[in-house]
Structures are given as structure tokens and as C-alpha cells.
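sequence and predicted structure are below.
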Amino acid sequence: MLKVLSTLAIAAALTFSAPALLTDGSAHAKSALKTCKSKVPSTGKIKSWKCKADVPCCVSHELGTYVCGQPIIGCL
């Protein structure tokens with residue numbers, strides 16, 4: 001029984017880790033980011049920062065914050 005359980009555990013571990021080992025992370029990481037840009041009202045300069053592709057770019061000129069939001073709740 002222990003032999004069967006350990007075999008199933010190893011098979012499950014290999015099933016979930018094999019796709020991660022076969023993909024090239026560098027190409028995926030570049031496409032997963034987007035560049036956010038906003039004009040700073042006080043100086044007129046363009047502020048830019050990077051966020052993940054699935055999250056919104058959040059700007060608060062009053063607080064001076066330029067951040068990435070959350071996938072579900074967006075910007076606060």
C-alpha cells in the first residue's frame with residue numbers, strides 16, 4: 001500500500017513540474033509585462049512603470065502614487 005501511494009505521489013509531482021521545466025521563462029516573462037505611462041501634472045514629465053499584463057495601471061496624482069492594481073479589485 002505504501003509503495004502504491006509513493007508511486008502516485010511521485011507521478012503527481014512530475015505531472016505538475018514537467019511543464020514548468022520544459023518552458024522557457026525568459027520569453028514568457030517579457031510578454032507578461034506592460035508599460036504604464038502617466039503625465040505628472042506638477043512637472044509635465046512622463047512617469048512610466050511596469051505592471052503585469054492582467055492588472056490595471058493605477059495613478060493618484062493627489063497622493064503622487066503610480067502603482068499596479070489588483071486583478072480582481074482593480075485600483076483602490
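Sure thing, it's come through. Bear in mind that the values here come from a model prediction, so they are computed numbers and not experimental data. Residues are numbered from 1 along each chain as shown.

how about low-confidence regions in the chain?
1-31 (pLDDT under 70).

the helices in it, which residues?
In the chain, the segments counted as helices under DSSP state H are 2-22, 25-31.

any idea how far residue 67 lies from residue 37?
Using C-beta to C-beta, to the nearest Å, residue 67 is found at 14 Å from residue 37. C-beta coordinates here come from the backbone N, C-alpha and C atoms, glycine included.

shared neighbours of the two, anything?
When contacts are counted by C-beta atoms under 8 Å, 6 or more residues apart in numbering, the set common to residue 67 and residue 37 is empty.

ok, the two, which is more surrounded?
Comparing residue 67 with residue 37 by other C-beta atoms under 10 Å, the one with more neighbours is residue 67, at 16 against 11.

how about residues contacting stretch 67-76?
For stretch 67-76, the external contacting residues (C-beta under 8 Å, 6+ apart) are 36, 49, 51-52, 54-58.

which ones among those residues are found in strands?
Counting by DSSP state E, the part of these found in strands is 36, 49, 51-52, 57-58.

could you export the residues you listed as a markdown table, including neighbour count and distance to residue 72?
Below are the ones in strands among the contacts of stretch 67-76 laid out as a markdown table (neighbours: other C-beta atoms under 10 Å; distance: C-beta to C-beta, whole Å):
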| residue | neighbour count | distance to residue 72 |
| --- | --- | --- |
| 36 | 19 | 19 |
| 49 | 14 | 21 |
| 51 | 18 | 15 |
| 52 | 12 | 13 |
| 57 | 18 | 16 |
| 58 | 17 | 14 |
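
which two among those residues are spaced furthest apart?
52 and 58 (12.6 Å; C-beta to C-beta).

show me which residues of stretch 42-54 are buried.
Neighbour-count burial for stretch 42-54 flags residue 51 (criterion: 16 or more other C-beta atoms under 10 Å).
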